[in-house]
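**Student:** I would like to see how this sequence folds:
(one chain, ligands or ions: 2)
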Amino acid sequence: MQYVIDLQGITWIRDTTTLLHNVSWQVKPKEHWAMLGLNGSGKTTLLNMITGYLWPTSGEVSVLGHRFGEIDLRELRRSIGWVSQSLQEKLHVNDYAQSIVASGKYASIGLYEQPSEADWSRAHQLMQTLGCKHLWNREFKTCSQGEKQKVLIARALMANPRILILDEPCNGLDLLSREKLLDSINELAQQEDAPTLIYVTHHTEEILPVFSHTLLLRNGEVFQSGETEQLLDEETLSQFFDAPVAVEKHQKRVYVRAVAGAKHS
Ligand SMILES: Nc1ncnc2c1ncn2[C@@H]1O[C@H](COP(=O)(O)OP(=O)(O)O)[C@@H](O)[C@H]1O
Ligand SMILES: [Mg+2]
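**Tutor:** Ligands and ions are numbered 1, 2, ... in the order given. Sure thing, here's the model as predicted:
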């Protein structure tokens, strides 16, 4: 079996602090994963291992069947799309949404090469999938936060990645914008040729049913991982958050509420 992502015993020590400890994680083809963890639990650090921007102190990283150390990372990174807040800050805000999406083919900031007719048509189709084709002629800076995220996801898809990482894409969105973005992500995840999605969040309710598996990360360690439905129950989540929580399910999504009398740390 060739894993899409295969982490074996990843530990990352910075100065004297262990930021990741013995993290093992296997993602199989056709699975979409959520990664759940509180702020500072090491989620983004772990993503940096998968994209080869950080090198573990010990352990082994293989992505798409290639062991790190034996493959050209720049090559591999072309197969991985990554949407995060910091990307948004780097883009040229005066560009039109269409150019931002089309530039994803070259993973460039700004459009230096003239896209072909087929590229424009693909950009348009991706914006349609993400439910944002009406933004085609809009300057990026005039898009709302949620709209920007959709444009950036479409942009990442332009390069036909095999893995798409969404690092807290709903942060800062109001309730309705968040639901709209999640709808788009749901639409994308269900496509036959969709890349493997890794959805990173600290809110359980953002984990859509299409994310069949979840990794619970706590203090740089895997608390548990497995099938989302099995994992996100009251007992596991109370242990995970180290505080009693009540869980309610709506349309196969899990809403967590701290129970009165929960201890504060
Ligand atoms: N380059 C770095 N050097 C030292 N500490 C870091 C570095 N990057 C992240 N950290 C620390 O590692 C911990 C996990 O950070 P991060 O992976 O960003 O968490 P998350 O994405 O889950 O919020 C934090 O305590 C953060 O301060
Ligand atoms: Mg983070």
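**Student:** centre of the chain to the top helix by length along the chain, how far?
**Tutor:** Determined from DSSP state H, the single longest helix within the chain is helix 175-189. The gap between where helix 175-189 is centred and where its chain is centred comes out at 13 Å by C-alpha atoms, centre = their mean, to the nearest Å.
**Student:** pull the number of nearby residues for G69.
**Tutor:** For G69, the count of nearby residues is 11 (other C-beta atoms under 10 Å). (Glycine included, C-beta is placed from N, CA and C.)
**Student:** average pLDDT across the longest helix of the chain?
**Tutor:** Throughout helix 175-189, pLDDT has a mean value of 95.
**Student:** so stretch 161-168, near ligand 2 or not?
**Tutor:** No - using C-beta under 5 Å from the ion, stretch 161-168 never reaches ligand 2; the gap is at least 5.9 Å.
**Student:** going forward, count from 50.
**Tutor:** Sure, I'll start numbering at 50, so the last one becomes stretch 210-217.
**Student:** on that earlier part again, tell me what the longest helix of the chain is packed against?
**Tutor:** On a contact count with 3 or more C-beta pairs under 8 Å, 6 or more residues apart in numbering; DSSP states H and E, helix 224-238 meets helix 166-178, helix 194-206, strand 245-250.
**Student:** apply 6 Å and report the result again.
**Tutor:** helix 194-206 (3 or more C-beta pairs under 6 Å, 6 or more residues apart in numbering; DSSP states H and E).
**Student:** what angle do the helix it packs on and helix 224-238 make?
**Tutor:** With axes from the mean of the first three to the mean of the last three C-alpha atoms, to 10 degrees applied, the angle from helix 194-206 to helix 224-238 works out at 20 degrees.
**Student:** relative to strand 245-250, how tilted is the longest helix of the chain?
**Tutor:** 160 degrees.
**Student:** what lies in contact with helix 224-238?
**Tutor:** 81, 178-180, 195, 198-199, 219, 243, 246, 257, 259 (C-beta atoms under 6 Å, 6 or more residues apart in numbering).
**Student:** got the CA coordinates for stretch 89-102 in CSV?
**Tutor:** Extracted in CSV, the C-alpha atoms of stretch 89-102 (Å, rounded to 0.1, in the frame of the first residue of the first chain):
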residue,chain,number,x,y,z
GLY,A,89,-0.3,25.9,19.7
SER,A,90,-0.8,22.1,19.6
GLY,A,91,1.7,21.8,16.7
LYS,A,92,-0.7,21.5,13.7
THR,A,93,1.1,24.0,11.5
THR,A,94,4.5,22.7,12.6
LEU,A,95,3.4,19.2,11.5
LEU,A,96,2.2,20.6,8.1
ASN,A,97,5.7,22.1,7.7
MET,A,98,7.1,18.6,8.1
ILE,A,99,4.8,17.2,5.3
THR,A,100,5.9,20.0,2.9
GLY,A,101,9.5,19.7,3.8
TYR,A,102,9.9,23.2,5.2
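**Student:** contact partners of that stretch?
**Tutor:** 54, 59, 68-69, 84, 86, 103, 105, 110, 112, 117, 122, 126, 129, 214, 249, 266-267, 269.
**Student:** drop anything exposed from those residues.
**Tutor:** 54, 59, 68-69, 84, 86, 103, 105, 110, 112, 117, 126, 129, 214, 249, 266-267, 269 (16 or more other C-beta atoms under 10 Å).
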